[in-house]
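Undergrad: this one's sequence-less:
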């Protein structure tokens, strides 16, 4: 079994342990941040980790009404400027914990007196040692070029922090159910994903659309597909796709629409109508088997009681599809040519 598939399948056990192993630290972070009356959260990350932070932006906004921003590390490292982060909770996210530009932001924020947190999969990494607090993925070695299990564990850690901040017991309970739902998805969709990999093995490109908490999955899904299969992919927010980008589509072009039940479902249905109007090949990913629009291919994930945890499931569709497509296309996803597992951005 290739590393990519092995690591994808490890996620249920990893996600089951993340909350248990980090809940005490999350409580301490929230307690100190609230005692200092922080005005918002400043996330700093790159690539896949950046997408986990986009998810966190939505979760903190929805559950806690807390403004969050995605940091601009080059302001510090390339322009030599200083941003006063003393009133923020500053969260650096990196699989390896070796991202030098993220580390520089943590150093600057700590010097300002900010509450600093590192989210990494390496307990002894520079970021873990630099930050005041460390939230640990505990995902074990990730050898495949494409991040899979570390992405979902990062999302889980950030969501745990939001659950404790908002004191939302229902959301925490929903997070605790994710591992079981992931197991259910693997059991129910394995055959369909393999069939889709055969069908789309020669596609030149595609787009992925999502809105709200599904938007970061559009970004991450596109990244998984392009970095493993060298296919041109791009993720868009549904709200923006109406305004120009839809013009790129031709009849038969594949479009994945991430459409869980909830606040943004009607937006997914609306854009699907437009996509059908230009004869796009629409794959509609939802947790409601009775709501798949006519004329589309439905990919039905296990039903949940909380829209906010559906990203943990929908991202698996793209992880699995990317993996299965490498098999039918004869690509080794653990050797990606110009891409390195650990990229040090300065």
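TA: Right, received. Where do you want to start? The model shown is predicted, which means the values in this text are computed figures rather than measured ones.

Undergrad: quick check, pLDDT for the nearest residue to residue 71 once chain neighbours are set aside.
TA: Residue nearest to residue 71 in three dimensions, not counting chain neighbours: residue 44, with 3.7 Å by Cβ to Cβ, 6 or more residues apart in numbering. Placement of C-beta: from N, CA and C, glycine included. With respect to pLDDT, residue 44 scores 98.

Undergrad: tally of neighbours for residue 44?
TA: As a burial measure, residue 44 scores 30 neighbours (other Cβ atoms under 10 Å).

Undergrad: my guess is it meets residue 74, correct?
TA: No: contact between residue 44 and residue 74 fails when scored by Cβ atoms under 8 Å: they sit 11.0 Å apart.

Undergrad: now the common contact residues for those two.
TA: Common contacts of residue 44 and residue 74 (Cβ atoms under 8 Å, 6 or more residues apart in numbering): residue 101.

Undergrad: before we move on, back to that, relative to residue 138, how far out is the residue nearest to residue 71?
TA: Between residue 44 and residue 138 the computed distance is 21 Å (Cβ to Cβ, to the nearest Å).

Undergrad: again, but for residue 129
TA: Per Cβ to Cβ, residue 129 is found 17 Å from residue 138.

Undergrad: what's the answer for residue 279, then?
TA: From residue 279 to residue 138 the distance is 46 Å (Cβ to Cβ).

Undergrad: so for the two, which residue has more residues nearby?
TA: Taking other Cβ under 10 Å, residue 279 and residue 138 do not tie; residue 138 has more neighbours (17 against 13).

Undergrad: what's the pLDDT at that one?
TA: In this prediction, residue 138 has a pLDDT value of 97.

Undergrad: pLDDT weak spots in the protein?
TA: For the chain, applying pLDDT under 70 flags the ranges 1, 336-346.

Undergrad: ok, now which ones touch the residue nearest in space to the middle of it?
TA: A centroid search over the chain (Cα atoms, centre = their mean) returns residue 52, at 4.0 Å, as the residue closest to the centre. Taking Cβ under 8 Å, 6+ apart, we find residue 52 in contact with 45, 93, 119, 151, 154, 155, 158, 216.

Undergrad: quick check: the farthest pair among those?
TA: Using Cβ to Cβ, the contacts of residue 52 span at most 15.0 Å, a distance reached by 119 and 216.

Undergrad: between these two, which one's more packed in?
TA: Higher neighbour count among residue 119 and residue 216: residue 119, with 32 against 26, using other Cβ under 10 Å.

Undergrad: what does the helix or strand where that one lies contact?
TA: Counting by DSSP states H and E, the element that carries residue 119 is strand 115-120. For strand 115-120, contacts defined as Cβ under 8 Å, 6+ apart pick out 29, 32-33, 36, 38, 49, 52, 88-97, 106, 109-110, 125, 127-128, 130-137, 154, 157-158, 161.
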